[in-house]
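>>> sequence first, predicted model second:
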Amino acid sequence: MAGHEGLVSVLVAWNGWRGAEVRLAALHDLHWYQPAGAPSSLLHAYIDCSDIVVGCIAHECDPASAPHRLRVCMLKSRTVARIYGQLAARAAERAPADTTLPRRAELQQSLFEPFASRSHHL
């Protein structure tokens with residue numbers, strides 16, 4: 001959990017160990033997203049790299065093009081319950097951005113459907 005009052009712990013990867021802390025107001029476009037390998041959808045948001053208060057999120061930070069928009073995730077286990085509830089409610093209010101894209105398994109299945117109905121004899 002974030003060690004400083006008013007800060008939220010964020011990770012660039014759901015299974016990563018390096019994280020940072022940002023102010024609650026720095027989280028934009030909250031949404032649910034299931035990264036590859038994650039057991040379920042996780043709470044994600046975007047931050048500017050200049051919004052990081054504590055810690056570091058590795059990225060290519062060219063000062064000429066900074067600040068950079070980074071997608072981060074907030075894990076329930078690392079976030080104060082009240083704050084996580086507020087963030088989850090904000091994400092639920094917004095249309096799920098990533099669910100409009102087909103999942104990898106759905107794409108693979110749709111690619112093989114035309115061949116499933118054919119019987120091939122070798």
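Perfect, I can see it now. Numbering: from 1, shown residues only.

>>> quick check, central residue of this structure?
For the chain, residue 44 is the residue whose C-alpha lies nearest the centre (Cα atoms, centre = their mean; 3.4 Å).

>>> tell me how far it lies from residue 75.
For residue 44, the distance to residue 75 (Cβ to Cβ, to the nearest Å) stands at 11 Å. For glycine as for every other residue, the C-beta is placed from the backbone atoms N, C-alpha and C.

>>> same check, this time on residue 61
When distance is defined by Cβ to Cβ, residue 61 is 24 Å away from residue 75.

>>> rewinding a little: surely the residue nearest to the centre of the chain forms part of a helix?
No - counting by DSSP: H, G, I helix; E, B strand; the rest coil, residue 44 is not part of a helix but strand.

>>> return the residues in contact with it.
Applying Cβ atoms under 8 Å, 6 or more residues apart in numbering to residue 44 gives the contacts 30-33, 71-74, 91.

>>> just residue 57 next, same as before
Contacts for residue 57 (Cβ under 8 Å, 6+ apart) come out as 10, 12, 18-20, 49, 70, 72.

>>> one more time with 6 Å, if that's ok
12, 20, 70 (Cβ atoms under 6 Å, 6 or more residues apart in numbering).

>>> which SSE is residue 73 in?
For residue 73, the host element (DSSP states H and E) is strand 69-74.

>>> list the contacts of that strand.
In contact with strand 69-74 (Cβ under 6 Å, 6+ apart) are residues 10-12, 14, 42-44, 46-47, 49, 57.

>>> could you tell me the angle between the next helix or strand after that strand and strand 69-74?
Toward the C-terminus, strand 69-74 is succeeded by helix 81-93 as the next helix or strand (DSSP H and E). With axes from the mean of the first three to the mean of the last three Cα atoms, to 10 degrees applied, the angle from helix 81-93 to strand 69-74 works out at 120 degrees.

>>> packing partners of helix 81-93?
On a contact count with 3 or more Cβ pairs under 6 Å, 6 or more residues apart in numbering; DSSP states H and E, helix 81-93 meets strand 28-33.

>>> show me the shaky parts of the chain.
1-5, 59, 65-66, 95-122 (pLDDT under 70).
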